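In: This is the structure alone, sequence omitted:
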C-alpha cells in the first residue's frame, strides 16, 4: 500500500516536472515566433521604404527629363501632336502591362474621378504645358507650373482629410522659394506673352486636379489600371490633333520620332506608374511637394545633354528646393499626454 502511494507521488512529481518543462518550452517557442515575426516585419518595412524612395527618384528623374525633351522638340512638333503621340505610345506600353495579368476594372462610382484625372492631368495638362513652353521661357514656365504642388497640399487638407503641419508649411515655403530662384536664374529677362503664362497656370491647376482625383482611386484600384485608363482618356482628348501627328510621322526624322517615343515610354508610362505606386502609400500633399526638385534636376540634365550651362542661381535655388523637400519630411513632436 505504501509502495503504491509512493509510486503515485513520484509519478506526480515526474509529471509536474514534465509539464513545467513543456510550459517553459512553449513560452520559449512563442517568444521565438514573435521575435521572428518582428524581424521579418522590420525587413519588410525597410524594403518597402527603399522601394518607395527608389520610385520617387525614378519619377522625378524621368519627369525632369521630359521638360528637356519637350524643349528640344518644341520647334519641330506642335503641342497637340506631341501630346497625342506621347499618350498613344504610353497607352500601348501600359496596355501591354495591364493585359498580361488579371485585371480589376473600375466601378461606376470610380468613373467620374477617372475622367477628371484623364481629361485634366493627362489631356489638358500636356496640351497646356507644351503650348506654354513655346510662348514663355523655361524659367517662367517652371515657376508657374510649380504652383500645382502647393494647390495639391492645400486642397488635400479639405478633400482628402490630410493634415497640414508646421514643417509642411515651412518646407513648402522654402521649396517654392528655391523654384523662384531657379526661375530667376534661367529667365531670359521677360516672361513672354500673357497667353503663355495663363497656359502654364492652366497646366498647374489641371495637375492639381488630376492628383486629387487619382489619390482616392488608388485606394480602390491597382495603379496600372488607373494609369492606363487615365492615359487612354487623355489620348482621346488629344484626338483633334491627330492630323498634325500624322504629318509629324510622315515628315519627321528618326531622332524626332525617337524623342516622342521616349516621352511616351519613360516620362509617361514608367514615371506615372512609379508615381501611382508611391501616391497609393503616401499623403498627396507631402508627395507632390517633392516635385519642387524637378526644375533643378531638369537644369542639370539640360547641362549634361544639351550643353546648357546653368547659372549660379540654379545651384542656390536647387539647394533651397532640396532643403524644402527635406523639411516637409519632418514630423512634429508628439504632444505630451496630460498628467492626471
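Out: Happy to help now that I have it. Small disclaimer: the values here were computed from a predicted structure and weren't measured. Numbering: from 1, shown residues only.

In: Name the spans of this protein whose pLDDT lies under the cut-off.
Out: The model of the chain has pLDDT under 70 over residues 1-43, 137-139, 185-192, 332-340.

In: Any idea how far the helix or strand hosting residue 316 is from the middle of the chain?
Out: Using DSSP states H and E, residue 316 sits within helix 312-328. In this view, helix 312-328 has its centroid 19 Å away from the chain centroid, taken as Cα atoms, centre = their mean, to the nearest Å.

In: now do stretch 83-99
Out: Worked out by Cα atoms, centre = their mean, stretch 83-99 lies 18 Å from the chain centre.

In: Pull out the buried positions in that stretch.
Out: 83-91, 93-94, 98 (16 or more other Cβ atoms under 10 Å). Yep, even glycine has a C-beta here, placed from its N, CA and C like the rest.

In: I'd like the residues you listed as TSV, with distance to residue 146 and secondary structure appended.
Out: Listed next are the buried residues of stretch 83-99 as TSV, based on distance: Cβ to Cβ, whole Å; DSSP: H, G, I helix; E, B strand; the rest coil:
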residue	distance to residue 146	secondary structure
83	20	helix
84	25	helix
85	25	helix
86	21	helix
87	23	helix
88	28	helix
89	26	helix
90	23	helix
91	27	helix
93	27	helix
94	26	helix
98	31	helix
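
In: Relative to residue 276, which of these is nearest.
Out: residue 94 (10.5 Å; Cβ to Cβ).

In: Identify the residue nearest that closest one in space, chain neighbours excluded?
Out: Spatial nearest neighbour of residue 94, chain neighbours left out: residue 228 (4.0 Å); criterion: Cβ to Cβ, 6 or more residues apart in numbering.

In: Return the distance of residue 99 relative to residue 92.
Out: 11 Å (Cβ to Cβ, to the nearest Å).

In: rewinding a little: didn't the residue nearest to residue 94 look like it was pressed against residue 99?
Out: No: contact criterion Cβ atoms under 8 Å: residue 228 and residue 99 do not qualify, at 9.0 Å.

In: Give me the contact list for the helix or strand containing residue 262.
Out: Here residue 262 sits within helix 254-263, counting by DSSP H and E. Contacts to helix 254-263, defined as Cβ atoms under 8 Å, 6 or more residues apart in numbering, come from residues 66, 69-70, 72-73, 76-77, 82, 85-86, 89, 248-249, 252.

In: Also stretch 280-287?
Out: 48, 52, 56, 152-154, 156-157, 160, 162, 164, 168, 211-212, 215, 218-219, 223, 278-279, 328-329.

In: Please list only the buried members of the residues you listed.
Out: For the contacts of stretch 280-287, buried by 16+ other Cβ under 10 Å: 52, 56, 152-153, 156, 162, 168, 211-212, 215, 218, 223, 278-279, 328.

In: Could you identify the most distant pair in these?
Out: The widest separation within these (Cβ to Cβ) is 24.3 Å, between 168 and 223.

In: ok so, going back, what two of the buried residues of stretch 83-99 are the furthest from one another?
Out: Greatest spacing in the buried residues of stretch 83-99, by Cβ to Cβ: 83 and 98 (21.3 Å).

In: For the stretch 51-200 of the chain, just list every one of the helices.
Out: 79-98, 111-117, 125-135, 138-145, 147-159, 166-186, 194-217 (DSSP state H, counting those that start in this stretch).

In: Next, format these as TSV and append distance to residue 265.
Out: Listed next are the helices of the stretch 51-200 of the chain as TSV, based on distance: least, Cβ to Cβ, whole Å:
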stretch	distance to residue 265
helix 79-98	5
helix 111-117	20
helix 125-135	15
helix 138-145	22
helix 147-159	24
helix 166-186	27
helix 194-217	20
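
In: Let me know which of these is tucked in deepest.
Out: Highest mean neighbour count among those (mean count of other Cβ atoms under 10 Å): helix 138-145, with a mean of 25.

In: Any idea how far it is from the middle of the chain?
Out: Mean-position distance between helix 138-145 and its chain equals 20 Å (Cα atoms, centre = their mean).

In: got it, and stretch 230-241?
Out: 21 Å.

In: tell me which element the residue nearest to the spatial centre of the chain falls in.
Out: Among the residues of the chain, the one closest to the centroid is residue 275, at 2.9 Å (Cα atoms, centre = their mean). Using DSSP H and E, residue 275 falls within helix 271-279.

In: Around residue 284, how many other residues sit close by?
Out: Residue 284 has 23 neighbouring residues, counting by other Cβ atoms under 10 Å.

In: Quick check: the gap between it and residue 168.
Out: Counting by Cβ to Cβ, the gap from residue 284 to residue 168 is 12 Å.

In: Over to residue 113?
Out: Per Cβ to Cβ, residue 113 is found 24 Å from residue 168.

In: Over to residue 249?
Out: 45 Å.

In: just to revisit the earlier point, would you turn the buried residues of stretch 83-99 into JSON lines with distance to residue 266?
Out: Converted to JSON lines, the buried residues of stretch 83-99 look like this (distance: Cβ to Cβ, whole Å):
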{"residue": "83", "distance to residue 266": "16"}
{"residue": "84", "distance to residue 266": "17"}
{"residue": "85", "distance to residue 266": "14"}
{"residue": "86", "distance to residue 266": "10"}
{"residue": "87", "distance to residue 266": "14"}
{"residue": "88", "distance to residue 266": "15"}
{"residue": "89", "distance to residue 266": "10"}
{"residue": "90", "distance to residue 266": "9"}
{"residue": "91", "distance to residue 266": "14"}
{"residue": "93", "distance to residue 266": "9"}
{"residue": "94", "distance to residue 266": "12"}
{"residue": "98", "distance to residue 266": "18"}
